[in-house]
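Novice: have a look; sequence and predicted model below, questions after that.
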Amino acid sequence: MALKEWGAVAHGLLDGRQTVLLRKGGIHEKRFQVGRDTFVLFPTVAHSHRERVRDEHADLIGLGEADVAGGRLTVRCGITLAGVVPVERAEGLVDIRDLHIWTAESVRRDRLEFRPKHRLQVLVVAAVSLPDPVTVPRLDEYGGCKSWLDLPLSWDGRQGRRVHSDERLAADVERVRAAVG
């Protein structure tokens, strides 16, 4: 399984700059167990991503764009969920700003205000650099507003370079829970 996410985010996770995803949709469309189930990130790019990423992380945009160039997509980031925290106190999102690359405006508009009837969730994730990134052709069936895709690749979560320790991720889960839970 592959979860659609910005290519810049995949690179931010693999570079250690990010340990959380902010999601309203997608994650509850599949039943995953924290710490057990794994999936990969399917890179996406939109021109508007440049304005939605903080300046200090702008270098990630080009890396994400390279992963979706020339009619192909390169999948390089695997994920295991370390924790899922529903956002009860949106004002606390500012306290976990250093755990992601998005601007405050993007968090507000693209996550809090988008689909207001759905609750925002903070996913603390263990990112793994796949040992052999997989390049697949860009197909029409990968388009559209669906969060999950079946890709012609397999990854069981054991191979690759893990970015952060279990201890770091557990601390991030507690920190997120204290800030927004």
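Specialist: Sure thing, it's come through. No experiment lies behind these values; they were computed from the predicted model shown.

Novice: who touches P86 in this structure?
Specialist: 119-121, 181 (C-beta atoms under 8 Å, 6 or more residues apart in numbering). Glycine gets a C-beta too; all of them are placed from N, C-alpha and C.

Novice: same check on E51?
Specialist: Counting by C-beta under 8 Å, 6+ apart, E51 has contacts 103, 106.

Novice: any idea how far it is from V75?
Specialist: Note on E51: its distance to V75, by C-beta to C-beta, to the nearest Å, is 25 Å.

Novice: now do D110, the pLDDT please.
Specialist: At D110, the predicted lDDT confidence score is 89.

Novice: any idea which element the spatially most central residue of the chain lies in?
Specialist: What sits nearest the mean C-alpha location of the chain, by C-alpha atoms, centre = their mean, is L21, with 4.5 Å. Per DSSP states H and E: L21 is located in strand 20-23.

Novice: next one: that strand to chain centre, how far?
Specialist: Relative to the mean C-alpha coordinate of its chain, strand 20-23 is positioned 6 Å out (C-alpha atoms, centre = their mean, to the nearest Å).

Novice: next one: stretch 157-172
Specialist: With C-alpha atoms, centre = their mean, you get 14 Å for stretch 157-172.

Novice: again, but for stretch 47-56
Specialist: 15 Å.

Novice: would you list every one of the strands in this structure?
Specialist: For the chain, applying DSSP state E gives strands covering 2-6, 20-23, 38-44, 72-86, 121-137, 148-149, 161-162.
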